[in-house]
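Trainee: based on what follows, work out the 3D shape:
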Amino acid sequence: MAITKGAEGTAPATFGGVQLKVAILCGLIQALDGYDLSAIGLAVPSLTKAWSLPPSAFTQAFALSSVGIMVGAMLAGPVADRFGRKPTLLVSVAMFGLFSLFSAWADSLPMLVALRFFTGIGIGGAMPTTVALTSDYAPDRWRTSTVMFMFTGNTIGGFFAGQIAAQILPGWGWQGIFYVGGVVPLVLLVVLIFILPESPQFQGGARPASAKANPVSGLFEDKLAVITVLLWAIFLINLLNMYLIGYWLPTVLNLEGFTPADAAFATSIYSAGGILSTLLLGPVIARFGAERVLAPSLAIGAICIGLLASGQLPRGSVMALLFCAGGGFIGSQLGLNGFAASVYPAATRSTGIGWALGIGRLGGIAGPIVGGALLAIGLAPTKILLFACAPGLVTAALVLFLGYYRRTLR
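Mentor: Residues are numbered from 1 along each chain as shown. Sure thing, here's the model as predicted:
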């Protein structure tokens, strides 16, 4: 691997086999991350019947999953910047695999809530660390696009979660969703131990020369303070949208007449839109810049969700709008992950991504709670999706402002 030295430590000069290997392995981790993230939402329509509970009762399971993700992301970022990407990733994969497997044996709502909290810590820990490791190997010019390509694994995992759940639910029930989400990551864990390389900055037990005892302070140095705060606001609002939709969409569709299996399949179409969007957005962002591309994409997502919530629609129209909404919201979030990786230097990269995702999980916590409260007061199920429209447009405006601010610094 050819590398050059710069202000950020070692950076690859070319994109070759090692870079592709790292991106693919991290993408596989993200695929399983995305599966386990979707698992609880896909299981709820069946759990409401199995445990004779109203859908709103599962709000705490959704919220505590998001709290776990926030804790995991904010802890793993600084840990990975100080002690290495690989060990942090291995612990994260082991954690979300084990606790997802344990979720299959939950026999009460409090037990499920506790297990999903610890699953969330593992999911949250893997998110910033895969982004940081992929970024460490990616050439500067292609860093955002490479991270987007890698993070497509998360969306692919969400897509296959719906497809797999649609097949598993009739025969295995809701437990089967968690069995798959536990066993597969533990098998991948064994593979990762032997073939996942460590970041060049940590190979041979080394630490980056610029590593700080408190990497968080680096997020506010060298004109990064305003950018950091704007990124936190953007992540918070967009993840509120994504988690409101992601957790409650299967239940909303079920309440609108879809069977649990059909609702799971339709939810996978939302994820499929994110996959295609990411593949299209990557090269466009490399050409025109992240801010100019992501703002219109977010606005499209908001418009499509608004149309979906407008009333009874044919199933074909529902699928088309879900596909476009997923492209707008999910594709943009993956672009934001890559953008955050390009903003921060290597010494604070994992911390920067982890804290942006961690702060964003405050929105991830609020989203499910808002959805559950609206369902509990008897609001028509599709109307809760309307709450994703205004925040989506606000996020688009903040992205535009961030782009303007960065241009003033040049």
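
Trainee: hang on, residue 46 packs against residue 260?
Mentor: Yes. Residue 46 is within contact range of residue 260, at 5.2 Å (criterion: CB atoms under 8 Å). (C-beta placed from N, C-alpha, C; glycine too.)

Trainee: so what sits against both of the two?
Mentor: Shared contacts of residue 46 and residue 260, defined by CB atoms under 8 Å, 6 or more residues apart in numbering, comprise residue 169.

Trainee: these two: which has the busier surroundings?
Mentor: Using other CB atoms under 10 Å, the more surrounded residue of residue 46 and residue 260 is residue 260, with 24 against 21.

Trainee: distance of the more buried one from residue 173?
Mentor: Note on residue 260: its distance to residue 173, by CB to CB, to the nearest Å, is 10 Å.

Trainee: shared neighbours of those two, anything?
Mentor: residue 46.

Trainee: residue 289 - nearest residue in space that isn't next to it in sequence?
Mentor: residue 403 (6.9 Å; CB to CB, 6 or more residues apart in numbering).

Trainee: tell me which element residue 155 is part of?
Mentor: Residue 155 belongs to helix 143-172 when assigned by DSSP states H and E.

Trainee: and if you look at residue 136?
Mentor: Going by DSSP H and E, residue 136 is in helix 109-137.

Trainee: that helix - what's its average pLDDT?
Mentor: Averaged across helix 109-137, the pLDDT comes to 90.

Trainee: tell me what angle that helix forms with helix 143-172.
Mentor: Comparing the axes of helix 109-137 and helix 143-172 via axes from the mean of the first three to the mean of the last three CA atoms, to 10 degrees yields an angle of 150 degrees.

Trainee: can you list the buried residues in helix 109-137?
Mentor: Residues 112-137 are the ones in helix 109-137 that count as buried (16 or more other CB atoms under 10 Å).

Trainee: residues in contact with the residue nearest to residue 289?
Mentor: Contact analysis of residue 403 by CB under 8 Å, 6+ apart lists 289-292, 295.

Trainee: list just the nearest of those to residue 265.
Mentor: The closest of these to residue 265 turns out to be residue 295 (CB to CB; 31.0 Å).

Trainee: surely that closest one touches residue 396?
Mentor: Yes. In this structure residue 295 lies within contact range of residue 396 using CB under 8 Å: 4.4 Å.

Trainee: now do the phi/psi pair for residue 106.
Mentor: When read as degrees, to the nearest 10, the backbone of residue 106 gives phi -60, psi 140.

Trainee: from the contacts of residue 403, pick the one nearest residue 56.
Mentor: When these are compared for distance to residue 56 (CB to CB), residue 295 wins out at 34.0 Å.

Trainee: pLDDT score for that closest one?
Mentor: For residue 295, the pLDDT comes out at 90.

Trainee: give the buried residues for the helix or strand encompassing it.
Mentor: Element membership of residue 295 [criterion: DSSP H and E] is helix 290-308. Using 16+ other CB under 10 Å as the test for burial, helix 290-308 gives 290-291, 293-295, 297-308.

Trainee: can you name the element that comes right after it?
Mentor: Downstream of helix 290-308, the next assigned helix or strand under DSSP H and E is helix 315-343.

Trainee: what comes up buried for that following helix?
Mentor: Under the neighbour-count criterion of 16+ other CB under 10 Å, helix 315-343 has 318-343 buried.

Trainee: helices along the stretch 1-150 of the chain, start to end?
Mentor: With helices called from DSSP state H, counting those that start in this stretch, the stretch 1-150 of the chain shows them at 17-50, 59-83, 85-103, 109-137, 143-172.

Trainee: do you know how far the closest residue to residue 230 other than its chain neighbours is from residue 74?
Mentor: Residue nearest to residue 230 in three dimensions, not counting chain neighbours: residue 402, with 4.6 Å by CB to CB, 6+ apart. Residue 402 sits 21 Å away from residue 74, going by CB to CB.

Trainee: could you do residue 361 as well?
Mentor: Using CB to CB, residue 361 is found at 8 Å from residue 74.

Trainee: do the same with residue 118
Mentor: Distance, residue 118 to residue 74, by CB to CB: 15 Å.

Trainee: got it, and residue 24?
Mentor: Applying CB to CB to residue 24 and residue 74 gives a distance of 27 Å.

Trainee: could you do residue 299 as well?
Mentor: Applying CB to CB to residue 299 and residue 74 gives a distance of 29 Å.

Trainee: repeat for residue 407
Mentor: In terms of CB to CB, residue 407 sits 30 Å off from residue 74.

Trainee: for residue 278, same thing?
Mentor: Plainly put, residue 278 is 25 Å away from residue 74 if you go by CB to CB.

Trainee: higher neighbour count, those two?
Mentor: Neighbour tally, residue 278 and residue 74, criterion other CB under 10 Å: the higher count belongs to residue 278, 27 against 22.

Trainee: got a list of what that one touches?
Mentor: 148-149, 151-152, 155, 330-331, 334-335.

Trainee: of those, which is the nearest to residue 200?
Mentor: residue 149 (19.6 Å).

Trainee: and the closest one, how many neighbours?
Mentor: Using other CB under 10 Å, residue 149 has 22 other residues around it.

Trainee: got it, and residue 225?
Mentor: Number of residues near residue 225 (other CB under 10 Å) recorded here: 11.

Trainee: go on, residue 227?
Mentor: Residue 227 - counted by other CB under 10 Å - has 19 other residues nearby.

Trainee: check the gap between the residue lying closest to it once chain neighbours are set aside and residue 298 for me.
Mentor: Leaving out its chain neighbours, the residue that sits closest to residue 227 by CB to CB, 6+ apart is residue 343, at 6.0 Å. Distance of residue 343 to residue 298, computed by CB to CB: 18 Å.
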